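In: Need a 3D model of the following:
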Amino acid sequence: MTRFASIISGRRTKWAVVAAWIVLVAILAGPGGKLADETNDQTEGFLPAGAESTRVLNLLGDLQVEHGLTYLFISHDLNVVQHMSDRIIVMYLGVIAEVGNAEEVFRDPRHPYTEALLAANPSMHEDDARIRLQGSVPDPSSPPEGCRFHTRCPVAVAACGWDVSDVLRVLEERGRALEGLRGVERRTPVEGTLAFETEDEAASVVAELLGDRAPAPMRAAAEVIEARGRDVHVRFPAVEEMSVHAVGHGHHTACILHADDAGPASP
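Out: Just a heads-up that it's a prediction; the model follows:
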């Protein structure tokens with residue numbers, strides 16, 4: 001800090017700017033909470049990755065201890081999350097999937113989405129028997145019924161919640177041509193009618209939905225999948241969105257697969 005920017009290297013100038021910004025925010029704002037949204041992404045392209053990026057994060061940690069700061073740290077980089085966090089909230093499509101202290105969540109995840117995120121990082125999981133994400137992310141403005149993750153979850157069950165949109169998604173993912181589909185009438189998100197050009201097309205779609213290629217949990221959940229003339233009627237039971245429940249001290253999940261693992265609720 002005793003040199004002018006014009007007489008230090010470009011690399012050191014970048015470090016000086018970063019250090020000044022962090023110190024200014026920490027000291028002038030005083031003790032309390034600080035929001036760090038994708039901090040490692042903000043340094044990408046500005047500082048080299050690896051050791052120097054870690055030094056920025058370590059500096060944040062030092063300032064936290066020195067000034068009694070609390071960070072709300074937002075990141076998609078699990079290595080950074082593990083390095084920086086005491087407690088973790090894993091979110092999917094705007095809702096909480098899992099909450100717990102960092103060590104326990106990384107050691108014993110209790111939500112398939114958390115498991116998939118960890119499995120995608122080779123430095124954290126080396127085994128081949130791991131959960132892999134499938135399909136595309138649904139529209140957040142119109143989330144799926146029941147568990148929002150069920151459309152991509154490889155261990156979903158009938159009770160996770162299924163709807164009319166799942167039927168259309170499954171037909172499209174299985175390569176089913178829907179040129180003959182004239183329209184979709186949704187009486188509710190879980191009940192509707194698919195109108196086709198011909199009775200044969202409707203019957204063929206029903207056979208597809210009830211066949212082995214369709215997801216077994218969806219078939220088990222269906223109350224009605226049947227052809228009536230040129231229409232296909234589908235109905236599923238309405239399922240409430242899974243609430244977060246305790247599976248250990250301070251450890252919570254929104255996965256129905258762990259509903260029987262209830263442990264002591266955290267204060």
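
In: so how far is G183 from H233?
Out: Counting by Cβ to Cβ, to the nearest Å, the gap from H233 to G183 is 14 Å. Every C-beta, even on glycine, is put in place using the N, C-alpha and C of the backbone.

In: between those two, who's got more neighbours?
Out: For H233 versus G183, neighbours defined as other Cβ atoms under 10 Å are more numerous around H233 (17 against 9).

In: Would you list the phi and psi of the more buried one?
Out: Backbone geometry at H233, expressed as degrees, to the nearest 10, gives phi -100, psi 130.

In: can you tell me which residues contact it?
Out: H233 makes contact with 192-193, 224-227 under the criterion Cβ atoms under 8 Å, 6 or more residues apart in numbering.

In: OK, contacts around the nearest residue to V224 once chain neighbours are set aside?
Out: Spatial nearest neighbour of V224, excluding adjacent residues (Cβ to Cβ, 6 or more residues apart in numbering): R235 at 4.1 Å. R235 makes contacts with 190-191, 222-224, as judged by Cβ under 8 Å, 6+ apart.

In: Just the buried residues from those, in ChimeraX please.
Out: Selection of buried members from those for ChimeraX, criterion 16 or more other Cβ atoms under 10 Å:
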select :190,191,222
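
In: quick revisit: tell me the pLDDT of the residue nearest to V224.
Out: pLDDT recorded at R235 is 98.

In: And for the one 10 residues further on?
Out: pLDDT recorded at H245 is 92.

In: cool, the one 4 residues further on as well?
Out: The model reports H249 with a pLDDT of 88.

In: where exactly do the helices run in the stretch 51-200 of the chain?
Out: Assigned by DSSP state H, counting those that start in this stretch, the stretch 51-200 of the chain shows helices spanning 51-67, 78-84, 102-107, 112-119, 164-173, 199-210.
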